[in-house]
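> sharing a model prediction with you, sequence too.
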4 protein chains.
Amino acid sequence: MTSTAEPRPMRADARRNRRRVLDAARVAFEEGGAEVQMEDIARRAGVGVGTIYRHFPTKQALVDELIDEWLADGAANAAEALRIDDPWEGLAHFVRLSAEVMARNRGLRMVFGDIGLLFDENTGHQNRELHDNATRLLARAHAAGTLRADVGLREFRTLMCGLAMTVSLAGPDERRLYADVFLQGLHT
Amino acid sequence: MTSTAEPRPMRADARRNRRRVLDAARVAFEEGGAEVQMEDIARRAGVGVGTIYRHFPTKQALVDELIDEWLADGAANAAEALRIDDPWEGLAHFVRLSAEVMARNRGLRMVFGDIGLLFDENTGHQNRELHDNATRLLARAHAAGTLRADVGLREFRTLMCGLAMTVSLAGPDERRLYADVFLQGLHT
Amino acid sequence: MTSTAEPRPMRADARRNRRRVLDAARVAFEEGGAEVQMEDIARRAGVGVGTIYRHFPTKQALVDELIDEWLADGAANAAEALRIDDPWEGLAHFVRLSAEVMARNRGLRMVFGDIGLLFDENTGHQNRELHDNATRLLARAHAAGTLRADVGLREFRTLMCGLAMTVSLAGPDERRLYADVFLQGLHT
Amino acid sequence: MTSTAEPRPMRADARRNRRRVLDAARVAFEEGGAEVQMEDIARRAGVGVGTIYRHFPTKQALVDELIDEWLADGAANAAEALRIDDPWEGLAHFVRLSAEVMARNRGLRMVFGDIGLLFDENTGHQNRELHDNATRLLARAHAAGTLRADVGLREFRTLMCGLAMTVSLAGPDERRLYADVFLQGLHT
DNA sequence: GATGAATGAGGCTTCATTCAT
DNA sequence: CATGAATGAAGCCTCATTCAT
């Protein structure tokens, strides 16, 4: 919602604090699951709770911001994947990059329990760019005849939620295997 | 005081209430996620909170019971699958049946956020029979050369957690598709 | 309140249950302090909670009954003490017997925290006979000049509450010492 | 994070609130016995329940703090008494001062029902200074031949618990009498 | 009559959020 | 602006009492 009309440049230290809070929150959610408390996040960030509330009106708002960052990462990954000419390789690249992002954000998944909800129509979490890029990645693969025809955007998204679960349970060096199994499942 | 430590037959109405609580809890977790309140569960079950606590000392104990039932269902499914002679068909049957069980227990997944944790060494949730039967299902498929060699019990379990997430986001008629994609990913 | 007009003879087993409950309660209060639960008492008595409620409408009523028994014991002790001719020896005998009773009822003290309250005007716990006998015991000792003049019935009672505390903390073989110290303090 | 583990000076208002809570709790326990509720204490202190829990993690912790203050008062009284040269007068002074402290803390006694428990080995409530000073007070009196030889520290403590009960039932102007009777009982 | 399962008001405690310093 | 102390609604659980078996 802060697309244009920047209200105010924000002081350097304020921006730094904001960043620290977001990073601390991501780590905290990862270690503590859904029940991390604002005090924990504040302590990790090295600030007082009050400072968090200066930047985020609500705990939920803080979580929302993390999700938006997650989706933005996804959009960038999809864009990068589109630069690969081969349709299937592009899709595979996107899946592998996404596995990393999803693993890094495993804490968020635990907050919601249900990643799927994040991409739901009722939540405010849509990233147009991600949506568009993913659509094109799938379309190219469909056109090339390498992606199962019965897997559209909706199915792909649902399956990706499963992959998110899987990779978030796996160690860093296992993610590649799981991405491969996943991709094999999608191939015609 | 009953000499040989009989677990006591339990009055008919008590057993019925216990069952109602478990069923109500499953539904409640499904609709309300992890934060359902004991009062909610009680209301759905048509009993007072006290009755829940007579049967389950703790909210967690109630959840644990549901999980144990889940695993027991899994064990039974695996046993049924073993009765199918063809190794791959047996595995496929187990995966499809499991998709049903996992979908029915989607609420529990949300309670934990992390199903993987359930099968952790540190939690009390192991079902020996499920473990043994699954091991044999995989061994048969490996011997027949139909299952990817790099997918052992651990990997299978991790992947199943992903499938649990996927099917719990899907409608009843989509589960078959997701199970198929999953199985295709596992095949050599 | 059940002086005359016995409502009904009460069946033998009913009377026995009543007795068992009272005894179980005394022991339970002693071991568990004020927070013993009705279930505990029932278990110790070997009956169901319902049976307790058949005999005592309220937990408080059960406690009241125990207190009344305590006071009745005290009255009997005082009567016995009055049969000793020597005034001081009579008083001493009463104090020593009381030490036993108070020790046996230590649990009740913990229930109230404040034995003094038991003898308060606002509670229903007066035992006329105890009151009268104690008055006479003191009067005799005062007349003989062996009891401090500044210790009347009120003061004596207050001091006895202290002795109750002391002996309830002491082992069986220490009670005599504490009673002696107590008596020495009262002597002229 | 303050390198040398400073206990932190604590903000002025925080310290004041902590004090208010302790004082309110003392009064509340006195009036309401063991079953005072945290809400009551909070209301009396003019703070919210949360504030109590910021200072004391548990109701029990609050009680513990009051007990420690009680024992610290006792230790100071014993130290003061030791400055009196005459052994018996020193002991007498300690007993009289203690009567005041015990009366002021009558509520705490009711919380436990059993003060003796407070000085038990299993509770964390020992005050080394009180223990040492009391030991010396008794030793001096024993050496002077004015204190009964069969009353050691243990017996003295047990008897003091009785005095605590007595004075807490008495009005302010009666305490002196009860202390005198007590002392007379201890004298050779 | 006896039993123990069911009830539910009420207590202790937590934690997101607000506000004085 | 930053801090962390204060707030209080809300949740889990207990236990005296009631009631169906």
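Received the coordinates, thanks.
> now do the contacts for A:Leu183.
A:91-92, A:95, B:185 (CB atoms under 8 Å, 6 or more residues apart in numbering or on different chains). Where you see a C-beta, it was placed from the backbone N, CA and C, and this is true even at glycine.
> meant to ask about A:Ala78, not that
By CB under 8 Å, 6+ apart, the contact set of A:Ala78 is A:94, A:129-130, A:133-134, A:137.
> give me the secondary structure label for it.
With DSSP: H, G, I helix; E, B strand; the rest coil as the basis, A:Ala78 sits in helix.
> mind pulling up the pLDDT for A:Pro7?
On the pLDDT scale, A:Pro7 is placed at 57.
> related to what we said a few turns ago, what is the most widely separated pair among the contacts of A:Ala78?
Taking CB to CB as the measure, these span a maximum distance of 13.1 Å, between A:Phe94 and A:Glu129.
> what's the nearest residue to the residue nearest to the spatial centre of chain A if we skip its chain neighbours?
For chain A, A:Trp70 is the residue whose C-alpha lies nearest the centre (CA atoms, centre = their mean; 3.0 Å). Sequence neighbours aside, A:Asn105 is the residue nearest to A:Trp70 in space, at 5.0 Å (criterion: CB to CB, 6 or more residues apart in numbering or on different chains).
> what does A:Gly145 give?
A:Thr188 (6.2 Å).
> low pLDDT regions in chain A?
Counting by pLDDT under 70, chain A contains low-confidence residues at A:1-11, A:110-124.
> in chain A, what residue comes closest to DNA strand F?
Closest approach between chain A and DNA strand F, counting by CB to the nearest atom of the strand: A:Gly50, at 2.0 Å.
> just the closest of the contacts of A:Ala78 to DNA strand E, please.
Looking across the contacts of A:Ala78 and measuring by CB to the nearest atom of the strand, the closest to DNA strand E is A:Leu130, at 26.9 Å.
> what about the closest residue to the closest one other than its chain neighbours, which helix or strand?
Counting by CB to CB, 6+ apart, A:Ala75 is the residue found nearest to A:Leu130 once chain neighbours are left out, at 3.9 Å. In this structure, A:Ala75 sits in helix A:59-82 according to DSSP states H and E.
> A:Ala144 and A:Pro87 touch, don't they?
Yes: when contacts are counted by CB atoms under 8 Å, A:Ala144 is listed as touching A:Pro87 (4.2 Å).
> more neighbours: the two, which one.
For A:Ala144 versus A:Pro87, neighbours defined as other CB atoms under 10 Å in any protein chain shown are more numerous around A:Pro87 (21 against 14).
> who's in contact with that one?
By CB under 8 Å, 6+ apart, the contact list for A:Pro87 reads A:137, A:140-141, A:143-144, A:146-147.
> can you tell me which of those residues are buried?
Buried residues within these, counting neighbours by 16 or more other CB atoms under 10 Å in any protein chain shown: A:137, A:140-141, A:146-147.
> near chain B, which residues of chain A are found?
A:33-34, A:109-116, A:148, A:150-151, A:155, A:158-159, A:161-166, A:168-170, A:174, A:177-178, A:181-187 (CB under 8 Å from any CB of the partner chain).
> neighbour-wise, which of A:Phe94 and A:Glu129 wins?
Legend: neighbour count by other CB under 10 Å for A:Phe94 and A:Glu129, higher for A:Phe94 (23 against 15).
> residues touching that one, list them.
A:Phe94 touches A:77-78, A:80-81, A:134, A:137, counting by CB under 8 Å, 6+ apart.
> change it to 6 Å
A:77-78, A:81, A:137 (CB atoms under 6 Å, 6 or more residues apart in numbering or on different chains).
> once you drop chain neighbours, what's closest to it?
A:Phe94's closest residue in space is A:Ala81 (CB to CB, 6+ apart), at 3.7 Å.
> I'd like to know how far the one you found sits from A:Glu69.
19 Å (CB to CB, to the nearest Å).
> identify the farthest-apart pair in the buried ones among the contacts of A:Pro87.
Spanning the widest gap among the buried ones among the contacts of A:Pro87 are A:Leu137 and A:Thr146, at 11.5 Å by CB to CB.
> so where do the helices sit in chain A?
Along chain A, counting by DSSP state H, helices occupy A:12-32, A:38-45, A:49-55, A:59-82, A:87-104, A:106-112, A:115-118, A:128-143, A:153-169, A:175-186.
> now tabulate these in JSON lines and tack on distance to DNA strand E.
Formatted as JSON lines, the helices of chain A follow (distance: least, CB to the nearest atom of the strand, whole Å):
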{"stretch": "helix A:12-32", "distance to DNA strand E": "10"}
{"stretch": "helix A:38-45", "distance to DNA strand E": "4"}
{"stretch": "helix A:49-55", "distance to DNA strand E": "4"}
{"stretch": "helix A:59-82", "distance to DNA strand E": "4"}
{"stretch": "helix A:87-104", "distance to DNA strand E": "22"}
{"stretch": "helix A:106-112", "distance to DNA strand E": "11"}
{"stretch": "helix A:115-118", "distance to DNA strand E": "18"}
{"stretch": "helix A:128-143", "distance to DNA strand E": "27"}
{"stretch": "helix A:153-169", "distance to DNA strand E": "22"}
{"stretch": "helix A:175-186", "distance to DNA strand E": "30"}
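> turn the ones you listed into CSV, columns for distance to C:Lys59.
Below are the helices of chain A laid out as CSV (distance: least, CB to CB, whole Å):
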stretch, distance to C:Lys59
helix A:12-32, 43
helix A:38-45, 41
helix A:49-55, 45
helix A:59-82, 44
helix A:87-104, 58
helix A:106-112, 46
helix A:115-118, 49
helix A:128-143, 64
helix A:153-169, 52
helix A:175-186, 61
